[in-house]
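A.B. asks: make a model of this:
(one chain, ligands or ions: 1)
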Amino acid sequence: MEDHQHCLYLVLALVSLLVILLAKRRRSAAAPEHGLRLPPGPWQLPIIGSLHHMIGKLPHHAMRDLARRHGPLMLLQLGEVPTLVVSSREAAREVMRTHDAVFATRPMSPTMRALTDGGRGIIMAPYGAHWRQLRRITITKLLSARRVNSFRAVREEEAAVMLRVCAAAAAESRAVNMRERLSELITDTTMRAAMGDRIKDREVLLRALDEAIVLAAGFNPADLWPSSRIVRWLSSAVRRSEEIRQTSFGILDEIIKDHLERMERGDGGEVEDLLDVLLKVQKDGELPIPLDTDVIKVAITDIFAGSETTAPTLEWAMAELVQNPKVMERATAEVRCDVPSPRTGRCGRRSSWRRGSSTCPSSSARRSGCTRRCRS
Ligand code: HEM
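C.D. replies: Sure thing, here's the model as predicted:
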């Protein structure tokens, strides 16, 4: 009997010790040595931090599940990198709008440093005069309404190519992998808008950019433990990133040379591409901080980051439309100009399509009315 009591006391003492240790650990995770009040997050292990919570799942699925438990502002420790996961509209607004300047500088992982030549482009430049200058050039010269409109023919031609591929497959009752088609549509459109369509080594450049995006987004050891020289030495990610930058810079050097020669000859083509625009800005030399050619190369490759977001967004929108026939019907009518968009009051396309007009988008739209005059 006495033996049993001793055992019970020992177990109780051990359980209490464990509870105290866990509580202490939790408190120290919430308020570490600097006395910061950090957001909550899942429990951590030494060295790997929160990584074990993400094993076997896609990172965004794991983060979504954890955020359901810990809230819209959650702190994960990915290896040695503290990572804030923001997952509600309100929290995103706080980060992207209210405290924009605080969060504007992106943390530079070793892979990103290698890929972006030390963060000299739009995406990775730290908040400051250089970033503000690049952003001003982007807004006023590269993505102005006039410039975006100038690429309309490119967008229409590329969309037509995709539709022809779909129509040919439909005629033979073949399935179409829309993910691949949309990705090609966006890459080809971006490529033509960024550098025109006379590109040497186009495929090599695209493969390098694709691999760069995988490396930049991946959870590779060199980025998870950036302070460890051994990990950096063992991991191939940074070496590979440097090779990719050298490959893409080499190809871009040739493309830039080509563009400069054409500009000299006055043979710029009908539509100025984004590289032409940046080279002209550089040549004008009116900027407070001179634009060097390496910055132009990184800025042009930054534009391709947009394909990684645009193609999946299109794919997602199409999947949602397929699952919601009523919304699909409304969207189809809006695009065919049967009804103006409830949001903008305009038809899907900006033009003067109207009943019976020869420029009406399609014969079925003409037949079905195209009754309203577009108000653009
Ligand atoms: C549906 C499509 C897209 C989505 C959802 C998207 C989303 C985002 C988000 C959330 C950011 C971060 C903003 C911030 O830190 O304040 C960003 C930045 C950026 N995006 Fe996009 N994007 C899209 C399309 C594009 C396209 C088409 C381009 C290129 C033409 C592009 C180029 C960039 C660049 C260069 C940045 C960095 C801007 C900076 O650091 O100031 N994005 N994008």
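A.B. asks: the residue in the chain that the ligand sits nearest to: how many residues sit nearby?
C.D. replies: Distances between the chain and the ligand by Cβ to the nearest ligand atom are smallest at residue 306, namely 2.2 Å. Where C-beta positions appear, they are placed from N, C-alpha and C, glycine not excepted. Using other Cβ atoms under 10 Å, the number of residues around residue 306 comes to 12.
A.B. asks: so who does it touch?
C.D. replies: Listed by Cβ atoms under 8 Å, 6 or more residues apart in numbering, the contact partners of residue 306 are 186, 190.
A.B. asks: residue 200 versus that one, what's the distance?
C.D. replies: Separation of residue 306 from residue 200 (Cβ to Cβ, to the nearest Å): 23 Å.
A.B. asks: and for residue 332?
C.D. replies: Separation of residue 332 from residue 200 (Cβ to Cβ): 41 Å.
A.B. asks: who has more neighbours, the two?
C.D. replies: Using other Cβ under 10 Å, the more surrounded residue of residue 332 and residue 200 is residue 332, with 15 against 10.
A.B. asks: near the ligand, which residues of the protein? Just list them.
C.D. replies: Residues of the chain lying close to the ligand by Cβ under 6 Å from any ligand atom are 96, 122, 123, 135, 302, 303, 305, 306, 309, 310, 313.
A.B. asks: low pLDDT regions in the stretch 101-250 of the chain?
C.D. replies: For the stretch 101-250 of the chain, the stretches with pLDDT under 70 are 218.
A.B. asks: before we move on, back to that, need phi/psi at the residue of the chain closest to the ligand.
C.D. replies: Note on residue 306: its backbone torsions stand at phi -60, psi -30 [degrees, to the nearest 10].
A.B. asks: so the residue most central in space within the chain is in which element?
C.D. replies: Taking Cα atoms, centre = their mean, the centroid of the chain lies closest to residue 309, which sits 4.5 Å from it. If you go by DSSP states H and E, residue 309 is part of helix 305-323.
A.B. asks: mind listing what's buried in that helix?
C.D. replies: Using 16 or more other Cβ atoms under 10 Å as the test for burial, helix 305-323 gives 305, 307, 308, 310, 311, 314.
A.B. asks: do stretch 203-220 as well
C.D. replies: Of all the residues in stretch 203-220, those buried under the rule 16+ other Cβ under 10 Å are 205, 206, 208, 209, 210, 211, 212, 215, 216, 220.
A.B. asks: with stretch 154-170 instead?
C.D. replies: Of all the residues in stretch 154-170, those buried under the rule 16+ other Cβ under 10 Å are 154, 158, 162.
A.B. asks: quick one: secondary structure of residue 271?
C.D. replies: Per DSSP: H, G, I helix; E, B strand; the rest coil, the secondary structure class of residue 271 is coil.
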